[in-house]
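Visitor: Based on what follows, work out the 3D shape:
(one chain, ligands or ions: 2)
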Amino acid sequence: MSETIELTRKDFVSDQTVRWCPGCGDYAILAQMQKVLPELGIPREKFVFISGIGCSSRFPYYMNTYGIHSIHGRAPTLATGLKIANPNLSVWVITGDGDGLSIGGNHLLHVVRRNVDLNIILFNNRIYGLTKGQYSPTSLRGTKTKSSPLGTVEHSFNPTSVVIGAEATFVARTVDSHVQHMAEIFKRAAEHKGTSFVEVYQNCVIFNDGTWSYATDRNTKDENILMLEDGKPMIFGKDKDKGIRLSGYLEPEIVSLANVAEADLLYHNERAPSSLAYMLSRMRQPDFPEPIGVFRAVEEPIYEVGVMRQIDEAIKRRGKGDLRKLYHAADTWEVFPDAERGNGHQAGEDSPPPGEFDEAYPGVVFHEEGGLTPAKPSLLTDTLADLDPPPPLTAPVTISLAEAVARLKKSNVGFMALLDNNDKLVGVFTDGDVLAKVACQVEHLAEEKVKDYMTASVTTLTGQATIAQALHLMALHNFRHIPIVDSAGRVESVISFRSVVRYLGQNFSAGNGR
Ligand SMILES: Cc1ncc(C[n+]2csc(CCOP(=O)(O)OP(=O)(O)O)c2C)c(N)n1
Ligand code: SF4
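Guide: Numbering: from 1, shown residues only. Ligands and ions are numbered 1, 2, ... in the order given. Purely as a prediction, here's the structure:
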């Protein structure tokens, strides 16, 4: 039986020195996260914080949990992979407005769209903090920074609108200085099944100080923010005397409660269609109070649950896969240095001589609908040794070209292994070489040496290689023969395309493929 360990805030405080500027809003976010996690009843080893790059992205260092300070903008991608690999983890993505919406905008959209069960906290300070104050996608139009000295000319992103547009299933907003509210929102995010997106208004005291002052200043905040409460009318103002109503044009409008009854106001519904959440996200200063709280919380299918279900079903139908075998299956390539290109051991690699097999053939075997179905153990497990390949025709590498052609003809084979004094394989000479390099080109064959016409850079396999490997090499390079060597590099036998085809004929039958 596993023991339940009571965790406290201190358990989530790491031994790293926090390197944010004094007064940075990031401190408050860190403190609330460390306060909330022990209340979730999740073992500490199940938490993982994944960030991109930025001041905010230093967050994982300061959490005494697992963490990855990853690649700029790619935290959602890593988090998705991690969650699929281990769905039992509580995964948190920490990102900034630059990290999450500039370079990482694409990744953010897709994790939200997929509804992976993880939590995204976006620290929005409307600036690039780490790189010293360039404008970000959330900087308001006209913002003057080092990278926009005359003021930005573009429209800015509203993070909540962006993710609602991607049909996020949980969207919330909070403020770094509203610590209690922030803690509640983090808890709600953690409890949500699916992607939770939380925008935190975060103050960068160095490069964008006061950008959220209207929402944080005690004298103005009540007039400038609207606290969203599920099922409650939308009321705001220091004296709770104003509300939001839907106009006849289906637009929000501010009304005075002195003139309008509470029942006529908009009532917040976290499960309302996303268009209503989107409308709330468009309410911005100075025209409207900005909504704070949970905009949307709905249940939708969870990405990793669907993926795992598919995997389970596939295993049930086809058995457990083997990654090693997959690597050695047909769709793999060997990369040769440029110098060896076109220098494979069979001549005419680019254009097979007449009578050569069609290089698409193995592809047909593996991939075509209605292709071949295995009748016996697979070509991914049977080895070349199982085919009992014959020894090749061999000859000393010193023989003349005439002698080599004569020996091929006499033995009625298309392949000859050429050996040095120690019986080591130094080259191969084939009927393809005769067609491509000798016939109608060399007049006095007896005066030429075969070593000048052979292929010296030979691709070999051992008897333990699978038939799939041989087939793959043959398909890729148009090889019709592959020498099989022992550990000392001595040629033992030769596998021919013909013998592989014979094997396929014996072990596979034409069927419906899958
Ligand atoms: C590929 C790449 N491009 C650009 C950068 C430079 N860079 C580092 S952090 C950052 C933006 C950080 O802004 P934000 O996400 O808002 O984080 P903050 O520092 O404000 O918390 C940029 C552009 C980088 N590190 N790597
Ligand atoms: S530069 Fe800004 S965001 Fe970065 S640590 Fe300093 S105050 Fe915080």
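Visitor: what about the stretch 251-400 of the chain, any weak spots by pLDDT?
Guide: For the stretch 251-400 of the chain, the stretches with pLDDT under 70 are 330-334, 336-377.
Visitor: where's the residue nearest the centre of the chain relative to ligand 1, distance?
Guide: Residue closest to the mean C-alpha point of the chain, counted by C-alpha atoms, centre = their mean, is Thr77 at 5.4 Å. Counting by C-beta to the nearest ligand atom, to the nearest Å, the gap from Thr77 to ligand 1 is 14 Å. In short, each C-beta sits where N, CA and C put it, glycine included.
Visitor: Who are the contact partners of Asp264?
Guide: 245, 255 (C-beta atoms under 8 Å, 6 or more residues apart in numbering).
Visitor: Could you number the chain from 15 rather than 1 from now on?
Guide: Will do, 15 is the new start, and the previous item becomes Asp278.
Visitor: circling back: name the element the residue nearest to the centre of the chain belongs to?
Guide: Assigned by DSSP states H and E, Thr91 falls within helix 89-99.
Visitor: In that helix, which of the residues would be classed as buried?
Guide: Within helix 89-99, the residues that count as buried by 16 or more other C-beta atoms under 10 Å are 89-94, 96-97.
Visitor: now swap in stretch 28-43 and tell me
Guide: Those buried within stretch 28-43 under the rule 16+ other C-beta under 10 Å are 34, 38-40, 42-43.
Visitor: So which of those residues sit within helices?
Guide: Using DSSP state H, the subset of those located in helices is 40, 42-43.
Visitor: mind putting those in a markdown table, distance to Thr174 and pLDDT included?
Guide: Formatted as a markdown table, those follow (distance: C-beta to C-beta, whole Å; pLDDT from 0 to 100):
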| residue | distance to Thr174 | pLDDT |
| --- | --- | --- |
| Asp40 | 20 | 98 |
| Ala42 | 20 | 98 |
| Ile43 | 17 | 98 |
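Visitor: which one of those residues sits closest to Leu164?
Guide: The closest of those to Leu164 turns out to be Asp40 (C-beta to C-beta; 29.6 Å).
Visitor: what's the spacing between the nearest residue to the closest one once chain neighbours are set aside and Tyr76?
Guide: Counting by C-beta to C-beta, 6 or more residues apart in numbering, the nearest residue to Asp40 once its immediate chain neighbours are dropped is Trp34, at 4.8 Å. For Trp34, the distance to Tyr76 under the criterion C-beta to C-beta, to the nearest Å works out to 9 Å.
Visitor: Repeat that for Leu96.
Guide: Distance, Leu96 to Tyr76, by C-beta to C-beta: 20 Å.
Visitor: rewinding a little: got a list of what the residue nearest to Asp40 touches?
Guide: Each residue near Trp34 by C-beta under 8 Å, 6+ apart is listed here: 40-41, 69, 72.
Visitor: wait, isn't Leu415 in contact with Glu462?
Guide: Yes. Counting by C-beta atoms under 8 Å, Leu415 does reach Glu462; the two are 3.9 Å apart.
Visitor: which SSE is the closest residue to ligand 1 within the stretch 165-314 of the chain in?
Guide: Closest to ligand 1 within the stretch 165-314 of the chain is Cys218: 6.1 Å, counting by C-beta to the nearest ligand atom. Assessed by DSSP H and E, Cys218 sits outside every helix and strand.
Visitor: Can you check what pLDDT the model gives it?
Guide: For Cys218, the model assigns a pLDDT of 98.
Visitor: can you give me the strands for the stretch 265-414 of the chain?
Guide: Per DSSP state E, counting those that start in this stretch, the stretch 265-414 of the chain carries strands over the ranges 266-270, 304-311, 386-388, 407-410.
Visitor: Can you give me the buried ones in the last one?
Guide: Buried residues in strand 407-410, counted by 16+ other C-beta under 10 Å: 407-409.
Visitor: how about the residues you listed in a markdown table, adding distance to Asp231?
Guide: What follows is these, written out as a markdown table (distance: C-beta to C-beta, whole Å):
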| residue | distance to Asp231 |
| --- | --- |
| Leu407 | 92 |
| Thr408 | 91 |
| Ala409 | 93 |
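Visitor: nearest to ligand 1, of those?
Guide: Nearest to ligand 1, judged by C-beta to the nearest ligand atom, of the buried residues of strand 407-410 is Thr408 at 56.6 Å.
Visitor: Which residue is the nearest non-sequential neighbour of Pro404?
Guide: Distances taken as C-beta to C-beta, 6+ apart put Ser507 closest to Pro404, at 6.0 Å, once the chain neighbours are dropped.
Visitor: dump the residue contacts of that neighbour.
Guide: By C-beta under 8 Å, 6+ apart, the contact set of Ser507 is 403-406, 477, 497-498.
Visitor: go with 7 Å
Guide: Applying C-beta atoms under 7 Å, 6 or more residues apart in numbering to Ser507 gives the contacts 403-406, 498.
Visitor: Just name the closest of those residues to ligand 2, please.
Guide: The closest of the contacts of Ser507 to ligand 2 turns out to be Ile498 (C-beta to the nearest ligand atom; 62.7 Å).
Visitor: Could you check how far the closest residue to the closest one other than its chain neighbours is from Asp402?
Guide: Excluding its sequence neighbours, the residue lying closest to Ile498 (C-beta to C-beta, 6+ apart) is Ser507, at 4.7 Å. Going from Ser507 to Asp402 by C-beta to C-beta gives 8 Å.
Visitor: which SS class is the residue nearest to Pro404?
Guide: Using DSSP: H, G, I helix; E, B strand; the rest coil, the structure places Ser507 in strand.
Visitor: Of the buried residues of strand 407-410, which are in range of ligand 2?
Guide: By C-beta under 6 Å from any ligand atom, no member of the buried residues of strand 407-410 lies near ligand 2.
Visitor: Check which residues of stretch 442-458 are buried.
Guide: Quick answer for stretch 442-458 (16+ other C-beta under 10 Å): 442-452, 456.
Visitor: So which of those residues reach ligand 2?
Guide: Among the buried residues of stretch 442-458, no residue is within reach of ligand 2 (C-beta under 6 Å from any ligand atom).
Visitor: Compile those residues into JSON lines and extend it with columns for secondary structure.
Guide: Listed next are those as JSON lines, based on three-state DSSP:
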{"residue": "Val442", "secondary structure": "strand"}
{"residue": "Phe443", "secondary structure": "strand"}
{"residue": "Thr444", "secondary structure": "strand"}
{"residue": "Asp445", "secondary structure": "helix"}
{"residue": "Gly446", "secondary structure": "helix"}
{"residue": "Asp447", "secondary structure": "helix"}
{"residue": "Val448", "secondary structure": "helix"}
{"residue": "Leu449", "secondary structure": "helix"}
{"residue": "Ala450", "secondary structure": "helix"}
{"residue": "Lys451", "secondary structure": "helix"}
{"residue": "Val452", "secondary structure": "helix"}
{"residue": "Val456", "secondary structure": "coil"}
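Visitor: Identify the farthest-apart pair in those.
Guide: Across those, no pair lies farther apart than Val442 and Val456, at 18.0 Å, counting by C-beta to C-beta.
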